[in-house]
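Trainee: Prediction below, plus the sequence it came from.
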Amino acid sequence: MAIQTQPKDVQVHIDPYSFLAEIQVLSGNPVQNYNKDTNDYEPDRSLIPCVLMPYISVQDPERLMNGSQAITGAEWYEGAPKADGSNRIVNNDDYVVSATGKPTYSLTVKKNVDYNSPIELHCIFSITDKRKNTQEKFERSTVLRTSIFDSNNYSLKINRPKGWTINPLEVIPNSKGEWLYSITAQVYSGEDIVSDANAAYWWQVLDGTTWRDFSEDELDVFVSGKNANGTWGKTLTLDARFFRNISVRVRGAYYSGMRPSSPTSDEMQATTSIKVEMPGTLRADIRQTKGIKINSRMNTTVGYECILSYNKQLIDSSKDSLFVIDWYAKSAKAGSTAKNVGRGRTVEFIPSTYSFDPLYPISIYAAVKMYAVTALVTTSDNKVLTTSDGKLIIISKYE
C-alpha cells in the first residue's frame with residue numbers, strides 16, 4: 001500500500017525592489033509670476049494650465065517589473081491629506097482629474113496661486129506589484145508658488161510653503177541631536193532683493209488666535225534668530241523636537257537710516273504652519289528568530305524581531321529612538337492576561353519563566369508606540385529642571 005507524507009509549505013521569498021517615485025510636470029509651469037503693475041499672472045493658468053502626473057520607476061532584482069509602471073489609482077489633495085478627506089481634490093473650476101485628452105490620474109491645475117500663499121499638492125497613488133499581484137501605494141507632494149513683480153512697492157516672501165510637514169523618520173539630527181529647520185524671509189523691491197542693511201524683520205508665533213512675540217523660555221529652548229543687539233534677523237531657526245504644530249509669522253519693512261522699532265505695514269507679512277508627525281503609511285510586523293519549536297516544559301528560549309517599514313522601505317536601527325516597542329505574550333487558556341516579556345526592537349525569553357500553562361499555546365505580539373514630541377522635565381510648580389552644569393533635562397514622549 002502506498003503512503004504519503006504530510007504536506008510541507010514552501011516558503012516564497014520575494015526580494016524588495018528599489019524605486020523612484022515623484023510628481024512630474026507634463027506641461028505648464030509650477031511657478032508663476034504675478035505682475036502687480038498689470039494685475040496679471042504669467043502664465044495665466046486659466047489659459048495655460050499646469051498638468052501634473054504621478055510617476056514611478058522600479059528596479060526589480062527579479063526583472064519582472066523593471067522601468068516605469070502604470071499608475072492604477074490616484075487621489076489628489078490640496079495640502080497634506082486630512083483624515084476625513086475634506087481636502088481631497090474633485091473636479092471644479094480650479095482642478096480637473098483625468099481631464100479629457102490628458103493621461104488618466106493626471107491633475108490639470110487651472111488655479112492661479114496667490115504669491116503670499118504657496119500651495120502644496122499631495123498625491124497618493126498606486127501601482128500593481130506584478131510579483132505579488134497586490135496594489136502598492138505611494139505618497140508624494142509638489143509645491144505651486146508665485147513670485148511677484150512690483151516696480152513701485154515692496155513685498156515680503158519666505159522660502160517655505162503656507163503649510164508643511166516634518167516627518168521624524170526623515171530628520172537628520174545635528175551633532176547635538178537637534179532637529180533644526182530654518183525659515184528665511186526676504187524683502188523685495190519689485191523683483192530686486194533689498195539688502196539686509198535696509199530690511200527689518202520681526203518674527204512671531206500664533207498663540208490660539210493671537211499673534212505674539214516669542215517668550216524668553218521659547219528663545220532659550222528651541223527658537224533662534226535674533227542678532228546680538230536683540231533685533232530679529234531674516235532667518236528663524238526652530239528645533240522641531242519641541243512642538244507638534246506651530247504657526248509663525250514674519251513681518252518686514254524697508255528703511256533707510258534708523259531701523260524702525262515696529263512694522264510699518266500690515267501688507268508686508270508672511271506666515272507658515274508646521275506639523276511634526278509620524279507618517280500614516282508606517283507599518284509594523286514581527287518575525288521569529290529563535291525557538292521555532294519549544295519543548296513541553298516551555299523552557300526553550302524563543303526570540304522575535306519587530307520589522308518596521310515606511311513607504312515599502314525598511315526602517316533601520318538608527319531610528320529606534322523614535323519608537324517604544326513592548327512585547328507581550330498571552331496564553332490561550334481562558335481567563336489569561338497578556339504578560340510583558342520585554343522591550344526593544346528584539347526580544348528573547350523563556351516561556352516557563354512566566355508560568356504559562358504548557359497545555360495551552362501562547363501568542364506573541366509587539367505594541368509599538370511612536371515618537372510624538374520632546375518635552376522639558378519640570379517640577380510640580382512648572383519650574384524647569386536642569387543638570388548640575390545647567391543643561392535642560394528633556395524627555396521624549398510616545399503615543
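Mentor: Nice, thanks for sending it over.
Trainee: Can you list the low-confidence ranges for the stretch 101-250 of the chain?
Mentor: Filtered on pLDDT under 70, the stretch 101-250 of the chain yields the residue ranges 149-152.
Trainee: Can you show me the helices along it?
Mentor: Along the stretch 101-250 of the chain, counting by DSSP state H, counting those that start in this stretch, helices occupy 216-221.
Trainee: tell me, how many neighbours does residue 310 end up with?
Mentor: 17 (other CB atoms under 10 Å). Using the backbone N, CA and C atoms, a C-beta is placed for each residue, glycine as well.
Trainee: That one contacts residue 169, correct?
Mentor: Yes. Look at residue 310 against residue 169 with CB atoms under 8 Å: they come within range, at 5.6 Å.
Trainee: Overlap in contacts, those two.
Mentor: 279, 282 (CB atoms under 8 Å, 6 or more residues apart in numbering).
Trainee: If you drop the residues flanking it in sequence, what lies closest to the residue nearest to the spatial centre of the chain?
Mentor: By CA atoms, centre = their mean, the chain has its centre lying nearest to residue 167, at 2.9 Å. Nearest residue to residue 167, sequence neighbours excluded (CB to CB, 6 or more residues apart in numbering): residue 279, at 5.6 Å.
Trainee: now residue 289
Mentor: In space, residue 289 is closest to residue 303, 4.2 Å off (CB to CB, 6+ apart).
Trainee: List the buried residues in the helix or strand containing the one you found.
Mentor: Under the criterion of DSSP states H and E, residue 303 resides in strand 302-310. Within strand 302-310, the residues that count as buried by 16 or more other CB atoms under 10 Å are 302, 303, 304, 305, 306, 308, 310.
Trainee: circling back: who does the residue nearest to residue 289 bridge with?
Mentor: residue 290, residue 348 (DSSP bridges).
Trainee: That one is in contact with residue 287, isn't it?
Mentor: No. Counting by CB under 8 Å, residue 303 stays clear of residue 287, with 9.7 Å between them.
Trainee: Can you list the strands that the helix or strand that the strand holding residue 303 is followed by pairs with?
Mentor: Following strand 302-310 in sequence order, the next helix or strand is strand 313-314 (DSSP H and E). Strand 313-314 has the following strand partners under DSSP bridges: strand 302-310 (antiparallel).
Trainee: Please give the centre-to-centre distance between the strand it pairs with and its chain.
Mentor: Put simply, strand 302-310 sits 23 Å off its chain's centre (CA atoms, centre = their mean, to the nearest Å).
Trainee: try stretch 61-77
Mentor: 22 Å.
Trainee: repeat for stretch 257-275
Mentor: 28 Å.
Trainee: could I have it exported to CSV, CA atoms only?
Mentor: Taking C-alpha atoms only, stretch 257-275 is exported to CSV below (Å, rounded to 0.1, in the frame of the first residue of the first chain):
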residue,chain,number,x,y,z
GLY,A,257,18.7,105.3,8.1
MET,A,258,17.2,104.5,11.5
ARG,A,259,15.7,101.0,11.8
PRO,A,260,12.0,101.1,12.7
SER,A,261,11.1,99.7,16.1
SER,A,262,8.0,98.0,14.8
PRO,A,263,6.4,97.1,11.4
THR,A,264,5.1,99.9,9.3
SER,A,265,2.8,97.9,7.0
ASP,A,266,0.3,95.1,7.6
GLU,A,267,0.7,94.0,4.0
MET,A,268,4.4,93.0,4.3
GLN,A,269,4.0,89.8,6.2
ALA,A,270,4.1,86.0,5.5
THR,A,271,3.0,83.0,7.5
THR,A,272,3.8,79.3,7.6
SER,A,273,2.4,76.4,9.6
ILE,A,274,4.5,73.4,10.5
LYS,A,275,3.3,70.0,11.7
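Trainee: And for it, what's in contact with it?
Mentor: 80, 116, 154-158, 160-166, 181, 183, 185, 187, 200, 202, 206, 231, 238, 240, 243-253.
Trainee: Give me the buried positions along that stretch.
Mentor: 263, 268, 269, 270, 271, 272, 273, 274, 275.
Trainee: what's the distance between the fifth one and residue 250?
Mentor: In this structure, residue 271 and residue 250 are 8 Å apart, going by CB to CB, to the nearest Å.
Trainee: Then the third one?
Mentor: Spatial separation of residue 269 from residue 250 under the definition CB to CB is 7 Å.
Trainee: can you list residues touching both of those two?
Mentor: With CB under 8 Å, 6+ apart as the test, residue 269 and residue 250 both reach residue 156.
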